[in-house]
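**Student:** Build me a model from this:
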Amino acid sequence: METTANRNTAILMQLSAYTQYFIPLGNFIFPVIIWSIKKQESKFVDYNGKQIINFQLSLLVYSLLLVIIAVPLLLYTVFSGMDFNSIDAFNNMEEQFTTGRISGIAAIAIIAAVLFITLKFVEFFLIIYASVKNSNGENYNYPFTIKFIK
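**Tutor:** Residues are numbered from 1 along each chain as shown. Next up is the predicted model:
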């Protein structure tokens, strides 16, 4: 049975990931600070601290993969089939864009945006769910999390 102080620390650690909306990289900084201060005092706090840090690092990796895949696809769609010899200092570049090319650009941008927004919604609700589990004294394992810290 976990003490109320340990449960509150775990909840605070989980919810501190929301600082990303106010402070850049707050979703990494604050959970790491809380975890590093309290991890020796409780195995419960140590375990859940590793989980939130691993989850945030996994989301960073997934977001970077999305960017690494979407940006080259977007650039390829924009510049494929373009005749750079006939472009007079990019003044006539709008003639190069056809409806098919513009719809391809829009499709890639929309798919990437939907995937990123979905990732953020899932993150938002999983953090709340983990906080509720921690408030009940239960450990929580985030799904699709890469174990960076074991």
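**Student:** CA only for contacts and neighbour counts going forward, please
**Tutor:** Fine.
**Student:** Okay, now the unreliable bits of this structure?
**Tutor:** 81-101 (pLDDT under 70).
**Student:** Would you point out which residue is most central in it?
**Tutor:** Nearest to the mean C-alpha position of the chain, by Cα atoms, centre = their mean, lies L59 at 3.6 Å.
**Student:** list the helices and strands whichever strand or helix holds that one packs on?
**Tutor:** Taking DSSP states H and E as the definition, L59 sits inside helix 43-79. The contact analysis (3 or more Cα pairs under 8 Å, 6 or more residues apart in numbering; DSSP states H and E) places helix 43-79 against helix 4-15, helix 26-38, helix 99-135.
**Student:** For it, buried residues please.
**Tutor:** 44-59, 63, 70, 74, 77-78 (16 or more other Cα atoms under 10 Å).
**Student:** And for stretch 25-32?
**Tutor:** G26, N27, F28, I29, F30, P31, V32.
**Student:** How about the second one: what's its closest non-neighbour residue?
**Tutor:** In space, not counting the residues next to it along the chain, N27 is nearest to A17; the distance is 3.8 Å by Cα to Cα, 6 or more residues apart in numbering.
**Student:** Over to K39?
**Tutor:** With Cα to Cα, 6+ apart, the residue lying closest to K39 is D46, at 4.3 Å.
**Student:** can you check Y140 too?
**Tutor:** Using Cα to Cα, 6+ apart, the nearest residue to Y140 is A130, at 5.7 Å.
**Student:** And the one you found, how close does it get to A17?
**Tutor:** 12 Å (Cα to Cα, to the nearest Å).
**Student:** cool, and F124?
**Tutor:** 9 Å.
**Student:** Which one of those two is surrounded by more residues?
**Tutor:** A17 (23 against 14; other Cα atoms under 10 Å).
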